[in-house]
Every structure is written in structure tokens, then in C-alpha cells.
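Visitor: take a look and give me a structure for this.
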Amino acid sequence: MKSVCIICGGQSHEHEISLISASSILKNINRDKYDVSTVIIDKDGSFFVTKQTGDLSGGKWKDFSDLSKAIISPSKTIGNILKITGKNTFESIKVDAFFPVLHGENGEDGVMQGLLTLSGVAFVGGGTLNSASCMDKEVTHIRLEASGIKTAPYIVIKKDEFDLEEIDEKIKATVGYPAFAKPANAGSSIGVGKIPAKENLKEILDEAFLVDNKVLIEKCIVGSEVECAVMGNDEILAADFLGEIAPTAEFYDFDAKYADASTELFIPARISEALTKKVREIALKAYKALDCKGLSRVDFFVTGDGEIILNEINTLPGFTSISMYPKLFEASGISYSELIDKLISLASVK
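Guide: A predicted model of the protein is given here:
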């Protein structure tokens, strides 16, 4: 039986979403095939290990009877997980594959991938450079544009360069109003705000800078928001159908993603077969260009005149019961449990 360790939580603005994603995986993973343990990283950076299952959200995991402090070892010779059993004692737990289910900073940005690479254990998803490149929206723009893939016009603002008059001039010269401010290294639309005009600029940027010291201001693209699920290492495939997000809010913010039941998801997306084919082709091209491994969700805008603009690539997309990534593969005939199995089979040593 293969030993698999789910890693979740983390020191991230998306800590709670990670726990919900991990809870869904724990509920659906094939326990006849895998010996499953879970490493939960608390908000203060403490690591814990448990063999229990159940809902991890809202701190419920802290009541698990077998919960122990732990360390993921960077050593290839000591052990993969060190379960702390006493003041100066530990138990070494061997792991065949790690499955990071971490969203946001300190988990999706190459930090955890670097640790797992040092451990010498196979893990699901991309390596350090791929994860860091896709997490940093500026670097994503640069690498995609170098590969001939269209992205939205943008400018980059650093916190120590905060001059409203200069920023306003740059916006007018490059992206125009309205525009979107996005923390460079964050997901789930945390810290994202729409800037209708100069008068709103400081307020929106102040919110974004609470999340990251680097913020992108992008042109507001009007069009359908469509998403493509991709899976694989050397041989890659895109899900048969695209998903479309239709939020009733002004844009697809955090609440629209996780709290607003009025947001509609359409599978397949309401675009033509020709555009669907083209989006899938660009998703595969982007996946290769950024050296993705295991899984990614590639998000696009498709405008009314058929222009396709890549918005972002998520290397560890949401895995909750309402998340688009598993839903798209389910629509393609791969159940949630089968998808978990396939992703574990793609785990590799980086």
C-alpha cells in the first residue's frame, strides 16, 4: 500500500480554503489503495501530523485525538516526516508521495516545493521554479509574453514607489480606467480591487498592499471568464470541456468564489466550439511554456469579438466540492476519486 501525505493549511491568506480542499480530498481518496496521513500547518507555522479523517475546517483538526507536532524533514536519510513523540524523541514516518494542497504564499509559490525537493520524495504538482513563476503575476506575464501568449496590458507598482500622481499617469498611458489592482503573489482574489477612477486609487492600492509589497494594475477586460483544467507531466491533457464563471458581483472576488451561492458555473462554457478548441490549445501551450507538472488550472478572458487573453495559471487550484478543476474533469468522465488517483500517479521527484 502506497503511503501518501496530504499537506494543507499553511501561513497564507488562503489557509482556510486549503483546509476545505484537503477535507474534500481526504473524504474521497481511495483508502484501500493508500495509507493516508495529513500534515497540517497552523497559521503560526507549526506543523502537526494526524492519521484521522474528517472536516479540517474552522480549527476542527485541533481536536483530533492523535494529533502530534511534526517536521517534514529536508534530509533524504533521516525520514520524510518526523513525528515528535517526546522532549528529545521522534518517530520517523516514511512517505511515498506528498500531495500539497496548499493555496497562496508559503505553499503554492515554490517554498514548499523546495522543501519537498530536498526531501527526495515524489510530490504532486510543479517544482520550485514553475510554482514561483506562476504565483508571481509579473513573472507569469513576462514568461507568457515571451512565449507569444497574449495577456492583459499591465503595470507593476512597488510599495516603496507609492506616488499617486505618477501611478495615475502610468495607468492613463498604459491600461486606462477602470482597471484592476492585484497583489502579485496571492490567489483566491484576495486583495484584488476594481479601480473605477483616480479618486479610488489610493483606497484600492492600500488594500492590495496589505497582501503584498508588489501590485499589478491590469487593464479591465470585458468578456467571458473561462477556465481550463490541465493534467500531466511529459504527456499532458486538457479536460474536454471549459468552465465559465458568471458572478453576480461586479467581479469574481473572494466572496463570489467561496461564499456567494448566486455565482453561476457553466460547464461547458458558453462560447463556440472553435473558441473552445483555441482556448484548450493555448492552455496546453502555456502549461508547457511555464514547465507545469501534475496539474494546473488555466484561466482566460474571451471577449465578444473572440479575442483570447490568458489571465493566470493556478498550479494548485482549489479542490473543494464546488471547485472548477475537479468539476471539469468530472464532466470529462473522471470522477473526483479517480482524479486524485491520477494526480498521485503523476507525483514525481523534482
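Visitor: from now on I want contacts and neighbour counts done on CA atoms only, so please keep to that.
Guide: Fine.
Visitor: strands of the stretch 51-200 of the chain, start to end?
Guide: Per DSSP state E, counting those that start in this stretch, the stretch 51-200 of the chain carries strands over the ranges 68-72, 81-84, 90-93, 97-100, 122-123, 154-158, 179-183, 193-195.
Visitor: how about these in JSON lines, adding mean neighbour count and distance to Ser133?
Guide: What follows is those, written out as JSON lines (neighbours: other C-alpha atoms under 10 Å; distance: least, C-alpha to C-alpha, whole Å):
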{"stretch": "strand 68-72", "mean neighbour count": "20", "distance to Ser133": "24"}
{"stretch": "strand 81-84", "mean neighbour count": "21", "distance to Ser133": "27"}
{"stretch": "strand 90-93", "mean neighbour count": "15", "distance to Ser133": "31"}
{"stretch": "strand 97-100", "mean neighbour count": "24", "distance to Ser133": "17"}
{"stretch": "strand 122-123", "mean neighbour count": "24", "distance to Ser133": "18"}
{"stretch": "strand 154-158", "mean neighbour count": "18", "distance to Ser133": "16"}
{"stretch": "strand 179-183", "mean neighbour count": "25", "distance to Ser133": "14"}
{"stretch": "strand 193-195", "mean neighbour count": "21", "distance to Ser133": "22"}
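Visitor: got the ones you listed as JSON lines, with mean pLDDT columns?
Guide: As requested, the strands of the stretch 51-200 of the chain are exported to JSON lines (pLDDT from 0 to 100):
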{"stretch": "strand 68-72", "mean pLDDT": "97"}
{"stretch": "strand 81-84", "mean pLDDT": "96"}
{"stretch": "strand 90-93", "mean pLDDT": "93"}
{"stretch": "strand 97-100", "mean pLDDT": "98"}
{"stretch": "strand 122-123", "mean pLDDT": "98"}
{"stretch": "strand 154-158", "mean pLDDT": "95"}
{"stretch": "strand 179-183", "mean pLDDT": "95"}
{"stretch": "strand 193-195", "mean pLDDT": "94"}
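Visitor: shouldn't Ile25 be within a helix?
Guide: Yes: using DSSP: H, G, I helix; E, B strand; the rest coil, the assignment for Ile25 is a helix.
Visitor: okay, it and Met1: tell me how far apart.
Guide: To Met1, Ile25 is 18 Å away according to C-alpha to C-alpha, to the nearest Å.
Visitor: between these two, point out the one with more neighbours.
Guide: With neighbours defined as other C-alpha atoms under 10 Å, Ile25 and Met1 compare such that Ile25 has more, 21 against 10.
Visitor: unless I'm mixing things up, the more buried one is touching Ile340, no?
Guide: Yes: if you go by C-alpha atoms under 8 Å, Ile25 and Ile340 touch, sitting 7.3 Å apart.
Visitor: ok, Pro183 - contacts?
Guide: By C-alpha atoms under 8 Å, 6 or more residues apart in numbering, Pro183 lies in contact with 190-192, 208-209, 211-216.
Visitor: are any of those residues buried, and which?
Guide: 190-192, 208-209, 211-212, 214-216 (16 or more other C-alpha atoms under 10 Å).
Visitor: which of these has the weakest pLDDT?
Guide: Lowest in pLDDT among the buried ones among the contacts of Pro183 is Ile190, which has 80.
Visitor: returning to what we had before: in strands, which of the buried ones among the contacts of Pro183 fall?
Guide: Among the buried ones among the contacts of Pro183, the members found in strands (DSSP state E) are 214-216.
Visitor: and of the residues you listed, the nearest to Ala152?
Guide: Leu216 (10.8 Å; C-alpha to C-alpha).
Visitor: now do the contacts for the closest residue in space to the closest one that isn't next to it in sequence.
Guide: Nearest non-adjacent residue to Leu216, counting by C-alpha to C-alpha, 6 or more residues apart in numbering: Val156, 4.6 Å away. Residues near Val156 by C-alpha under 8 Å, 6+ apart: 138, 214-217.
Visitor: could you do Trp61 as well?
Guide: 54-55.
Visitor: pLDDT score assigned to it?
Guide: Per-residue pLDDT puts Trp61 at 97.
Visitor: low pLDDT regions in the stretch 101-250 of the chain?
Guide: 187-188, 248-250 (pLDDT under 70).
Visitor: can you show me the helices along the protein?
Guide: Counting by DSSP state H, the chain has helices at residues 15-28, 111-119, 128-135, 137-146, 164-174, 201-209, 254-258, 273-289, 324-331, 336-345.
Visitor: tabulate the ones you listed in JSON lines, adding columns for distance to Thr85.
Guide: Formatted as JSON lines, these follow (distance: least, C-alpha to C-alpha, whole Å):
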{"stretch": "helix 15-28", "distance to Thr85": "24"}
{"stretch": "helix 111-119", "distance to Thr85": "21"}
{"stretch": "helix 128-135", "distance to Thr85": "31"}
{"stretch": "helix 137-146", "distance to Thr85": "41"}
{"stretch": "helix 164-174", "distance to Thr85": "54"}
{"stretch": "helix 201-209", "distance to Thr85": "41"}
{"stretch": "helix 254-258", "distance to Thr85": "37"}
{"stretch": "helix 273-289", "distance to Thr85": "42"}
{"stretch": "helix 324-331", "distance to Thr85": "37"}
{"stretch": "helix 336-345", "distance to Thr85": "29"}
